[in-house]
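Trainee: Give me a model of this one.
(chains A and B)
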There are 2 protein chains.
Amino acid sequence: MLPNTPPDIPTPALVIDEPTARRNLTRLAQYAKGKGLGVRPHTKTHKSLLMAREQLKAGAVGLTVAKVGEAEVMAKVGEDLLLAYPALDPARTGRIAALARDKTIRVAVDSAFAADALADAARRAGATIGILVDIDVGFHRTGMQTPAQALALAQHVSKTKSLRLDGLFFYPGHIVAKPDEQTAILAPIEAMLEETITLWKKNGLEAKIVSGGSTPTGTQSHHLKALTEIRPGTYIYYDRNCITGNWCAIDDVAAVIVCTVISDAVPGKCVLDAGTKTFTSDRLVGDATNQHGSGLIIEYPQAKIVRCSEEHAEVDLSLCDRRPKLGDRVRVIPNHICPCVNLQDQMYLRHEDGTIETLPIEGRGKLS
Amino acid sequence: MLPNTPPDIPTPALVIDEPTARRNLTRLAQYAKGKGLGVRPHTKTHKSLLMAREQLKAGAVGLTVAKVGEAEVMAKVGEDLLLAYPALDPARTGRIAALARDKTIRVAVDSAFAADALADAARRAGATIGILVDIDVGFHRTGMQTPAQALALAQHVSKTKSLRLDGLFFYPGHIVAKPDEQTAILAPIEAMLEETITLWKKNGLEAKIVSGGSTPTGTQSHHLKALTEIRPGTYIYYDRNCITGNWCAIDDVAAVIVCTVISDAVPGKCVLDAGTKTFTSDRLVGDATNQHGSGLIIEYPQAKIVRCSEEHAEVDLSLCDRRPKLGDRVRVIPNHICPCVNLQDQMYLRHEDGTIETLPIEGRGKLS
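Mentor: Prediction:
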């Protein structure tokens, strides 16, 4: 259920419906348990210690982060962290090694350069860093290109002191099909994973962990037999992309931005007090020419957020049979919730009894 | 001159070249002085008390902000603040009125509703708020639509206790032409301003302040005879939009994002450690289909940032005659600097002698 508009909080405000978020994380935990998969949620979506704790309570095997600053935050609640990021510069590797003294820390890497830099920092810190070899399964952002390349890097890691070869990593960011249309897209990934694992075995190396997945592929993960753990992030809150992609129902959305109507002077339009500094400029997935605008206004589903400045969202009301009044508050489901959470200093958590709690977003920022 | 890459700061880092920023603000101050115009810089670009102080030292008549939280920050250095935003909700009006007890505070409004809400708050605070009537000169975001509407709102304001009618406000956000091609676009704005001012005069009302403009129109402001003050923001740092729009030269750009190369595993590409969480998803002005990517890499001008995730920028290097190495640092001029500044917790200020100072961005966030 989507949170109601709280009456007294300054807008634009990020409001999270606690029961819905809890239901989302419980549901995925149950799916994964049923399929014998671990869940290592990507905390980039909520950036919140409270939510990370809830995910761990629901059985998560550990937490995923992108940046070292996020790892430093999440280390307050998690004992087992995966940095899903090829951190290789001195400003990062030393901090990772420091964390690895007390925690299980793994890093996904796609170069011997990164492995060596991490090993060097680990050695100086007297720590061991676990390594997952990143393979490119089709998104073409990072990752080794072939099983042979993945083997070469794995062999390099296995011979490097202060590193521990733990397995394979991939991110299928190119899969944005509806769940029931993913089977054919997952097949070549399964083949590449199997080929890589077999090649490693032949060379005496084991991929204990095979970590992959996203929110779109979340409930289809069992089609990848080699997988040991999944890393969905958005699934805890969902967003407009997830509704459109059929990865959730509208009632699964746990996060809205509550906005105030501040202008209606231009005919056919109104203006909300939130622009790209709140919604970002992220378009709906697949909407290259921005035909669908910057978010879904729950109270006015026919309305379209046609243009955002930094602090203004211009809403075309021409298809609406009624108009909001100046000062009205409306709830917006943003296209992509993760970067919107990053733009807020706090979230308003709505509990089942309707009370609202103000909570920090501890992982906000953390660019390095 | 663009700042060099500092060796020891964590990336992605916002680096500001102090001499260049100073030259930019001095140059515009001199232009405005020569034309008899006041400068009221929009602080949304830098969000920095230091930069606001420098602008005031260079002769700015006051400061512009969008949100009340920004006004509260900038009130630490400015005595005269314009809220270029139709703040009308109780979460904002009370805070504005509180500021107006000690400072000259003006608000641009486009509804009697907003005027009444501000008056009510001012009355309760025992303060007076100055009002500029917002008129729509063609951007069609906010503002009264006709001189007659502007008169009606001005008459309402002039009769309302605790408000003071100070003049007219407009934002020509639709003008993105090169400076030497703006004359014809500015002519109808001049006509609308003159008609409104004449109508006010006939009805015994005076527009002491006529406030308008942007960075693109900055140096063409003298074509609007009625103007008393201009409100450029981006001009202090400039960005890729300004280079492309011919509003500055590349050597005028004072702000870069220093990034580290973290992956080169995918053929023809490299990946920087900064994505939409650093560069935003703002496209270059006029680049609806994102042909020009998310920023200009100074060291590799033939490179193109083809896709950004939250923490990754994928760079197509196919047109480059050389490739950056893993761990290299590069400088990126983002498409739109203002929201990028908002995403950083601090800036690194490079002084003339090459020393780097770390400074807070006090106005970051401040959504309400």
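Trainee: what ranges do the strands span in the stretch 201-350 of chain A?
Mentor: Counting by DSSP state E, counting those that start in this stretch, the segments of the stretch 201-350 of chain A that form strands are A:209-212, A:229-230, A:255-263, A:269-272, A:295-297, A:304-308, A:313-316, A:329-334, A:346-350.
Trainee: I'd like to know which of these is closest to chain B.
Mentor: Across these, the minimum distance to chain B, taken as Cβ to the nearest Cβ, is reached by strand A:255-263, at 4.4 Å. Where you see a C-beta, it was placed from the backbone N, CA and C, and this is true even at glycine.
Trainee: Mind splitting chain A into its structural domains?
Mentor: A:18-236, A:241-360 (automatic domain parsing).
Trainee: Select, out of the ones you listed, the one closest to B:G245.
Mentor: Nearest to B:G245, of all the domains of chain A, is domain A:241-360, at 16.5 Å by Cβ to Cβ.
Trainee: which residue packs closest to the most centrally placed residue in chain A, ignoring adjacent ones?
Mentor: Centrality entry for chain A: nearest residue to the mean C-alpha point is A:G233, 3.2 Å, by Cα atoms, centre = their mean. If you skip the residues right next to it in sequence, A:G233 has A:H42 as its closest partner in space, 3.2 Å away by Cβ to Cβ, 6 or more residues apart in numbering or on different chains.
Trainee: Tally up the residues packed near the one you found, please.
Mentor: If you count neighbours by other Cβ atoms under 10 Å in any protein chain shown, A:H42 ends up with 25.
Trainee: That one and A:L367, how far apart?
Mentor: 17 Å (Cβ to Cβ, to the nearest Å).
Trainee: what's the answer for A:P188, then?
Mentor: As defined by Cβ to Cβ, A:P188 lies at a distance of 34 Å from A:L367.
Trainee: neighbour count winner among those two?
Mentor: It is A:L367, of A:P188 and A:L367, that has more neighbours when counted by other Cβ under 10 Å, with 24 against 11.
Trainee: my guess is the more buried one contacts B:A274, does it?
Mentor: Yes. Distance between A:L367 and B:A274: 7.2 Å, which falls inside the contact criterion (Cβ atoms under 8 Å).
Trainee: who touches both of those two?
Mentor: Contact criterion Cβ atoms under 8 Å, 6 or more residues apart in numbering or on different chains; residues bridging A:L367 and B:A274 by contacting each: B:11-12.
Trainee: Which residues of the stretch 201-350 of chain A lie near chain B?
Mentor: When proximity is defined as Cβ under 8 Å from any Cβ of the partner chain, the stretch 201-350 of chain A approaches chain B at A:260, A:262-267, A:269, A:271, A:273-274, A:276-278, A:280-283, A:288-290, A:307, A:309-312, A:314, A:326-327, A:338-339, A:342-345.
Trainee: tell me the mean pLDDT for the helix or strand containing A:D134?
Mentor: A:D134 belongs to strand A:129-134 when elements are defined using DSSP states H and E. For strand A:129-134, the per-residue pLDDT values average out at 98.
Trainee: report the angle between the axes of it and strand B:255-263?
Mentor: Here strand A:129-134 runs at 90 degrees with respect to strand B:255-263, directions being taken by axes from the mean of the first three to the mean of the last three Cα atoms, to 10 degrees.
Trainee: other SSEs contacting the helix or strand that comes right after strand A:129-134?
Mentor: Tracing the chain past strand A:129-134, the next element assigned as helix or strand by DSSP H and E is helix A:147-158. Helices and strands touching helix A:147-158, by 3 or more Cβ pairs under 8 Å, 6 or more residues apart in numbering or on different chains; DSSP states H and E, are helix A:112-125, strand A:129-134, strand A:163-170, helix A:183-202.
Trainee: which one of the ones you listed is the most hemmed in?
Mentor: Neighbour counts averaged per stretch over these are highest for strand A:129-134, at a mean of 27; criterion: mean count of other Cβ atoms under 10 Å in any protein chain shown.
Trainee: among the residues of the stretch 201-350 of chain A next to chain B, which ones are buried?
Mentor: With burial judged by 16 or more other Cβ atoms under 10 Å in any protein chain shown, the buried subset of these is A:260, A:262-266, A:269, A:271, A:273-274, A:276-278, A:280-283, A:290, A:307, A:309-312, A:314, A:326, A:338-339, A:342-344.
Trainee: hang on, the earlier thing: need the strands of the stretch 201-350 of chain A in JSON lines with mean pLDDT, can you?
Mentor: Formatted as JSON lines, the strands of the stretch 201-350 of chain A follow (pLDDT from 0 to 100):
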{"stretch": "strand A:209-212", "mean pLDDT": "98"}
{"stretch": "strand A:229-230", "mean pLDDT": "98"}
{"stretch": "strand A:255-263", "mean pLDDT": "98"}
{"stretch": "strand A:269-272", "mean pLDDT": "98"}
{"stretch": "strand A:295-297", "mean pLDDT": "98"}
{"stretch": "strand A:304-308", "mean pLDDT": "98"}
{"stretch": "strand A:313-316", "mean pLDDT": "98"}
{"stretch": "strand A:329-334", "mean pLDDT": "97"}
{"stretch": "strand A:346-350", "mean pLDDT": "97"}
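Trainee: Same list, those, but as JSON lines with distance to A:G59 please.
Mentor: Compiled in JSON lines, those are given as follows (distance: least, Cβ to Cβ, whole Å):
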{"stretch": "strand A:209-212", "distance to A:G59": "16"}
{"stretch": "strand A:229-230", "distance to A:G59": "12"}
{"stretch": "strand A:255-263", "distance to A:G59": "22"}
{"stretch": "strand A:269-272", "distance to A:G59": "39"}
{"stretch": "strand A:295-297", "distance to A:G59": "32"}
{"stretch": "strand A:304-308", "distance to A:G59": "38"}
{"stretch": "strand A:313-316", "distance to A:G59": "39"}
{"stretch": "strand A:329-334", "distance to A:G59": "28"}
{"stretch": "strand A:346-350", "distance to A:G59": "22"}
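Trainee: A:V15: which element?
Mentor: With elements delineated by DSSP H and E, A:V15 resides in strand A:13-17, which encompasses its position.
Trainee: Distance check, the closest residue to A:I131 other than its chain neighbours against B:P10.
Mentor: Distances taken as Cβ to Cβ, 6+ apart put A:V157 closest to A:I131, at 4.7 Å, once the chain neighbours are dropped. Per Cβ to Cβ, A:V157 is found 25 Å from B:P10.
Trainee: Tell me which of these two has more neighbours.
Mentor: Counting neighbours by other Cβ under 10 Å for A:V157 and for B:P10 shows that A:V157 has the greater number, 25 against 19.
Trainee: In this structure the more buried one contacts A:L163, no?
Mentor: Yes. With contacts counted by Cβ under 8 Å, A:V157 reaches A:L163, the gap being 5.2 Å.
Trainee: what do the two both touch?
Mentor: Residues within reach of A:V157 and of A:L163 at once, by Cβ under 8 Å, 6+ apart, are A:115, A:131.
Trainee: Spit out the contact partners of A:K159.
Mentor: With the criterion set at Cβ under 8 Å, 6+ apart, A:K159 makes contact with nothing.
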